[in-house]
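1. Using only what follows, build the 3D model:
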Amino acid sequence: MASASLAPGLARKVKKVLEIKTETPELLSSLQTLSTFYTDNTPAARRGLRTTIEKRGLAINERFIGAAESVIKALDEVQRSLDALSGSCGAISGVVAATKSSSASLLADTERLARDLEAVERKQGLVAQFLDTYQLTPEEVAALQGEEVSPAFFAALSRVRAIHDNCRQLLRTHHQRAGLELMDLMAAHQESAYERLCRWVQVQCRNIGEYDAPEVEPALQAAVAALRERPVLFKYCAEEVATARHNSLFQRFITALTRGGPGGVPRPIEIHAHDPQRYVNDMLAWVHQALASEREFVVALFGEEASSPEAASEQMADTLSGSDALHTPALLDRIFDSICRPLKLRVEQVLMTSPPTLLAFSLGQLLSFYTGLVARILGPTGQLTATLAACRDMASRVFFEQLRARGDKLRRNPPPPPKDLSPPQQVVETVHHLLEIINAYETAMESRPHPGGASASGAAAASASSAAGGPEELGPVLAAVLDPLAEMCERSAEALTPDAPSRVDEVARLDPTAHRVYLINCLAAVWQVLQHRAAASARSRQVLEAIEAHTAALVGGEVGRLLARCGLAEVVERLRLYQQAQEAEAQVPANDPALALPRLAEALRSFFVLVSSPDALPEFQSVQVPRLRADAVARVCRSLLECYELVYAAIEDPTNGYLEAGGAAAVKHTPAQVRTILGVI
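-> Reported below is the predicted structural model:
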């Protein structure tokens, strides 16, 4: 009701006031600002609130206008500057346009000249590249034509070869004339440089020949490597090296033989000429040391070496066939050709003095050893290898001739057997001599180098194994020593046979076993030396087989003699014949009067009485080796037991017809008892 009585305008105002949201940020900010200058809340102040607010806004605007006047003045000044700058730019644009119109022809000329300069620079680069590829620099030409062989010389020579190869590629293009002219020019430079290099190398090689162990300078190595491009010049230089070292080696060898080293240390080799073993050994050791030194020098200078004796042989054959190539083995062969003759003469002088047999064998082994060493370096076809091989063969020939003479002496003068049937002094001396030879052989084999592979087991290994240089080659030595010895023993043993014209006892009864025992003792003396020697294993088996044969004959003879004494010899023989004949036709041994049971029983009784006697069985005291003596006694006992068992088994066999007459009851002693008596296990 109250609201309806209000005037419409007032009602709207009241409504508007009530609808105002007092918590909005804008209203709060306005009220806060109002509180700064509205301090008196009086009716008059409230009526003049609008005026106060308007005055407040007017004052603020006046302050803003006052503050903006300086800015406006600055902006006016900027505007004036911009106007002046715009006028200046217009003036400059006019001047530039006028200048451009007047310099258009100059710019065109400048652009054309720049293009021409670029083309000239490109052509200059091509010319420089061409000169770098196909021409020598003045420094390189001076290095090639100078007197000194320096690294610059080798660099220039390498440059010449590179240019020469580049010219070949140039010939494939349409610039063939230029390529030919450049090739001719480089060829002239190259030939001149190689000739100078060859002369320089020859001079250096002559100087090197004056030294025992020269050192190869890097410049000389490079020069020799460069000369490989010219095989003829390289061969000349290699021959110069070989000649220089050839003469130097000869002088050094003669000096080592006659004067020794500097100040007499080491002493001259020929001072030991009275000792052939040391004399030859010192010479060969000097040669081997010189060979190693020369090989090191040649390899350092020429840079190649045979990898195996086969390769060395191939290179040597290539040189001998006329090839321009000179390999390391061929060069070394030419160098050492100088000492072949003096070395061979001195070794032959030693061998021609008829040295003792063992010394001749040792020299042969020594020469064989060094022949193998040299063959591994020079190949089997080298002059030094052939010289050492000839000396080795001569030593082997002298050795076998002495063995042959010694064997002929044994055959001509067989000694009489000693009374105790021991080996005679000739056998002992020969066996001792053989032992020395085997020891020398084994010592040589231990010091001999073993081949490292298949390549080292070819011709060089074969040549090194000759003249008793391998296990199979000791056979001829053993045969040359033992065959005459065996023949001498046979002839000597003939004096122990009953019907021999050279019997050693005309009155006393000759022991039938003496012949076999004497041969067993002689062969046993040989076998004891050979049995533990691997190199003589084959011959040891042969000697052992011969001992076995004589032992079997000795045992067979003693068994036959004992069986004959007790009457069992004929019985055993007849029973064996019946056993063989029973397979073809039925025959009864009991029907044979010679094999009647009483006779068999009596023979077995006599056999038992015989073997029970302490002195009845042979003891072979004359056999020198206890093992062989015990073996022979045991075999006699086993053979006697086998014969007794054979007869006893025949009596017990029902097919033989002895059971009707009583059989084994007629025999008093069983085989077991006989086995016990004989001590057969």
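
2. ok, residue 260 touching residue 268?
-> Yes. At 4.2 Å, residue 260 and residue 268 qualify as touching, with contact defined as C-beta atoms under 8 Å. From N, CA and C alone the C-beta is placed, and that goes for glycine too.

3. Can you work out which other helices and strands pack against the helix or strand hosting residue 282?
-> Using DSSP states H and E, residue 282 falls within helix 276-302. With contacts defined as 3 or more C-beta pairs under 8 Å, 6 or more residues apart in numbering; DSSP states H and E, the packing partners of helix 276-302 are helix 218-227, helix 231-258, helix 328-352, helix 357-378, helix 383-412.

4. Give me the distance between residue 256 and residue 334.
-> Applying C-beta to C-beta, to the nearest Å, the value for residue 256 to residue 334 is 20 Å.

5. picking that back up, helix 328-352 and the helix holding residue 282, what's the angle between them?
-> For helix 276-302 against helix 328-352, the angle by axes from the mean of the first three to the mean of the last three C-alpha atoms, to 10 degrees is 170 degrees.

6. List the buried residues in helix 276-302.
-> 276, 279-284, 286-287, 290-291, 294-295, 297-299, 301-302 (16 or more other C-beta atoms under 10 Å).

7. Kindly report the same for stretch 403-414.
-> 403, 406-407, 410, 414.

8. Just checking the distance from the helix or strand where residue 184 lies to the centre of its chain.
-> Here residue 184, judged by DSSP H and E, is contained in helix 176-208. Centre-to-centre, helix 176-208 and its host chain are 41 Å apart (C-alpha atoms, centre = their mean, to the nearest Å).

9. that older thread, can I get the buried residues of stretch 403-414 in a markdown table including pLDDT and distance to residue 477?
-> Shown next, in a markdown table, are the buried residues of stretch 403-414 (pLDDT from 0 to 100; distance: C-beta to C-beta, whole Å):
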| residue | pLDDT | distance to residue 477 |
| --- | --- | --- |
| 403 | 92 | 7 |
| 406 | 91 | 12 |
| 407 | 91 | 12 |
| 410 | 89 | 16 |
| 414 | 89 | 22 |
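
10. Quickly note the distance from residue 384 to residue 252.
-> 15 Å.

11. Neighbour count: those two, which is higher?
-> Ranked by neighbour count (other C-beta atoms under 10 Å), residue 384 and residue 252 place residue 384 first, with 25 against 16.

12. Please name the nearest non-neighbouring residue to the more buried one.
-> Closest residue to residue 384 apart from its sequence neighbours, by C-beta to C-beta, 6 or more residues apart in numbering: residue 336 at 4.4 Å.

13. go on, residue 632?
-> Counting by C-beta to C-beta, 6+ apart, residue 620 is the residue found nearest to residue 632 once chain neighbours are left out, at 5.0 Å.

14. now do residue 363
-> residue 395 is the one closest to residue 363 (C-beta to C-beta, 6+ apart), at 4.6 Å.

15. Pull the contacting residues for that neighbour.
-> For residue 395, the contacting residues are 347, 351, 360-361, 363-364, 367, 467, by C-beta atoms under 8 Å, 6 or more residues apart in numbering.

16. Go ahead and confirm residue 496 touches residue 417.
-> Yes. Taking C-beta under 8 Å as the definition, residue 496 is a contact partner of residue 417 at 5.8 Å.

17. Tell me where the longest helix sits in this structure.
-> helix 49-134 (DSSP state H).

18. now that one against helix 176-208, angle please.
-> 70 degrees.

19. elements contacting helix 49-134?
-> Using 3+ C-beta pairs under 8 Å, 6+ apart: helix 49-134 touches helix 25-37, helix 151-170.

20. These into CSV, with extra columns for mean pLDDT and distance to residue 371?
-> Shown next, in CSV, are the helices and strands packed on helix 49-134 (pLDDT from 0 to 100; distance: least, C-beta to C-beta, whole Å):
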stretch, mean pLDDT, distance to residue 371
helix 25-37, 77, 123
helix 151-170, 72, 42
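
21. which of the ones you listed sits most buried?
-> Highest mean neighbour count among the helices and strands packed on helix 49-134 (mean count of other C-beta atoms under 10 Å): helix 151-170, with a mean of 17.

22. Can you tell me which helices and strands that one packs against?
-> Secondary-structure packing of helix 151-170 (3+ C-beta pairs under 8 Å, 6+ apart): helix 49-134, helix 138-145, helix 176-208, helix 218-227.

23. what angle do it and helix 138-145 make?
-> Going by the same axes, to 10 degrees, helix 151-170 makes 110 degrees with helix 138-145.

24. For the remainder of this discussion, apply numbering that starts at 28.
-> Got it, the first residue is 28 from now on, which makes the last one we talked about helix 178-197.

25. Distance to residue 92 for the helices and strands packed on helix 76-161 - can I get that in JSON lines?
-> JSON lines is the format used below for these (distance: least, C-beta to C-beta, whole Å):
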{"stretch": "helix 52-64", "distance to residue 92": "20"}
{"stretch": "helix 178-197", "distance to residue 92": "92"}
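
26. Quick one: closest of the ones you listed to residue 654.
-> Among those, the nearest to residue 654 by C-beta to C-beta is helix 178-197 (79.4 Å).

27. For the closest one, output the C-alpha coordinates as CSV.
-> In CSV, the C-alpha atoms belonging to helix 178-197 read as follows (Å, rounded to 0.1, in the frame of the first residue of the first chain):
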residue,chain,number,x,y,z
PRO,A,178,114.5,-37.6,-50.3
ALA,A,179,113.7,-34.8,-52.7
PHE,A,180,115.2,-36.8,-55.5
PHE,A,181,113.0,-39.9,-54.8
ALA,A,182,109.9,-37.7,-54.4
ALA,A,183,110.7,-36.1,-57.8
LEU,A,184,111.3,-39.5,-59.4
SER,A,185,108.0,-40.8,-58.0
ARG,A,186,106.4,-37.6,-59.4
VAL,A,187,107.8,-38.4,-62.8
ARG,A,188,106.3,-41.9,-62.7
ALA,A,189,103.0,-40.5,-61.7
ILE,A,190,103.0,-37.9,-64.6
HIS,A,191,104.0,-40.7,-67.0
ASP,A,192,101.0,-42.7,-65.9
ASN,A,193,98.8,-39.7,-66.2
CYS,A,194,99.9,-39.1,-69.8
ARG,A,195,98.7,-42.6,-70.7
GLN,A,196,95.2,-41.5,-69.6
LEU,A,197,95.6,-38.3,-71.6
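
28. what angle sits between that helix and helix 245-254?
-> For helix 178-197 against helix 245-254, the angle by the same axes, to 10 degrees is 20 degrees.

29. Spatially, what comes nearest to residue 701 if we skip its sequence neighbours?
-> Excluding the flanking residues, the one nearest residue 701 by C-beta to C-beta, 6+ apart is residue 671, at 5.0 Å.

30. Where does that neighbour sit: helix, strand or coil?
-> State at residue 671, reduced to three classes by DSSP: H, G, I helix; E, B strand; the rest coil: helix.

31. who's in contact with it?
-> 595, 631, 634, 698, 701.

32. is it true that the third one touches residue 595?
-> Just to be clear, that refers to residue 634. Yes. Between residue 634 and residue 595 there is a contact under C-beta under 8 Å: 5.4 Å.
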